[in-house]
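**Q** I need the structure of the sequence given here:
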Amino acid sequence: MNLGSTLYRKTMLAIAGNPTVKKLSLKYGRRLAGRFVASDHLQGALQEVASLNRLGISATIDALGEGIRHLDEARTYRDEYLKLLDAIADTGVNANVSLKPTQMGLALDADACYHHIQAIVSRAQERGNFVRIDMEDSSCTQATIDMTIRLHREGLTNVGTVLQAYLHRTEGDATDLLDRQIRLRLVKGAYREPANIAFQRKEEIIANFRKIIRLHLDRGAYTAIASHDEAIVGWVKQYAREHGIPKDQFEFQMLYGLRMKDQARLAKEGYRVRCYVPYGTMWYPYYTRRLAEKPANLWLVVRHLLR
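**A** Now for the predicted structure:
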């Protein structure tokens, strides 16, 4: 990232971490978060997904929650995901699910976390669905990868994870996981990480992002490219055309509330598009990361509030 964007991101995350700011935001900020969060409740999220489906856009639904303090919370989230998978099957919407390991108790009890996720992936397999284990900060990277590999070894191949282009280790992880036929979502990365483990300059991150996307496409692996960067989207489209890669070999993934017209346009052009649709009352951490990504997201929220 360049100096300006890095400073903006650090400043926004520092402000968001202030207890007073967080308290006021939780009290008054739900209307602002509505730009990025579909609903407080499952039913509202499903209605939003149905609307997206009518535009030719599929979805990944995320019941928001992370960094829990008690294992009872993890069990509650596990049950919410079981309910979510049943609701997707019953309503027939075109959607799969994403979840965070810390939401399932990774920082409290790794074994309990694994069994919560195993139960969710098993239900998804019964329902003909797919689970994406989201990638959080670097303290969770290896545990998340190990968990995904273990699930595959147990026959639960309807699960994948996420790789972040800003980490130095990602190219090696991508090669290993491709060899294991594990499906990946490829992203730039949204957490603060030190220079010894992560690229800091925007140019380096973009170069590595393209490298791991190209690695997937060249090997014929189904590729999920999560980016709102117009240059990345354009580059993928051009690379696919030049190398005879069919449109059904990859999908663009974007966030609910961002570039919605562009998502609809890409779908109309015949590309696969998947919208990440979060719901729930635990929206604050997710919301602050969206604001910290770039100033344009902050102005989107301000305009949304003024309207």
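
**Q** For the stretch 51-200 of the chain, just list every one of the strands.
**A** For the stretch 51-200 of the chain, applying DSSP state E, counting those that start in this stretch gives strands covering 58-63, 95-99, 131-133, 159-164, 184-187.

**Q** Generate a markdown table for these, with mean pLDDT as supplementary columns.
**A** Formatted as a markdown table, the strands of the stretch 51-200 of the chain follow (pLDDT from 0 to 100):
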| stretch | mean pLDDT |
| --- | --- |
| strand 58-63 | 96 |
| strand 95-99 | 97 |
| strand 131-133 | 98 |
| strand 159-164 | 98 |
| strand 184-187 | 98 |
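
**Q** how about a markdown table for those strands, with mean neighbour count and distance to residue 112 added?
**A** Yep, even glycine has a C-beta here, placed from its N, CA and C like the rest. Shown next, in a markdown table, are the strands of the stretch 51-200 of the chain (neighbours: other Cβ atoms under 10 Å; distance: least, Cβ to Cβ, whole Å):
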| stretch | mean neighbour count | distance to residue 112 |
| --- | --- | --- |
| strand 58-63 | 24 | 18 |
| strand 95-99 | 23 | 14 |
| strand 131-133 | 24 | 15 |
| strand 159-164 | 24 | 18 |
| strand 184-187 | 23 | 25 |
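
**Q** Switch these over to CSV; also include distance to residue 196.
**A** Shown next, in CSV, are the strands of the stretch 51-200 of the chain (distance: least, Cβ to Cβ, whole Å):
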stretch, distance to residue 196
strand 58-63, 30
strand 95-99, 29
strand 131-133, 25
strand 159-164, 15
strand 184-187, 21
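
**Q** Nearest to residue 83, out of these?
**A** strand 58-63 (8.9 Å; Cβ to Cβ).

**Q** Need the residues that contact that closest one.
**A** Outside strand 58-63, the residues within contact range by Cβ atoms under 8 Å, 6 or more residues apart in numbering are 42, 45-46, 49, 52-53, 77, 80-81, 84, 88, 93-99, 132, 134, 251, 253, 272-280.

**Q** List the strands paired with that strand, with their directions.
**A** strand 95-99 (parallel), strand 272-279 (parallel) (DSSP bridges).

**Q** Next one: the residue positioned nearest the centre of the chain from residue 155, what distance?
**A** Centroid-nearest residue in the chain: residue 134, 5.9 Å away (criterion: Cα atoms, centre = their mean). Residue 134 is 22 Å from residue 155, where distance means Cβ to Cβ, to the nearest Å.

**Q** low pLDDT regions in this protein?
**A** 1-35, 282-307 (pLDDT under 70).

**Q** Mind naming the longest helix for it?
**A** Longest helix of the chain, by residue count under DSSP state H: helix 71-91.

**Q** Which other helices and strands does that one contact?
**A** In terms of contacts (3 or more Cβ pairs under 8 Å, 6 or more residues apart in numbering; DSSP states H and E), helix 71-91 is packed against helix 42-54, strand 58-63, strand 95-99, helix 110-126.
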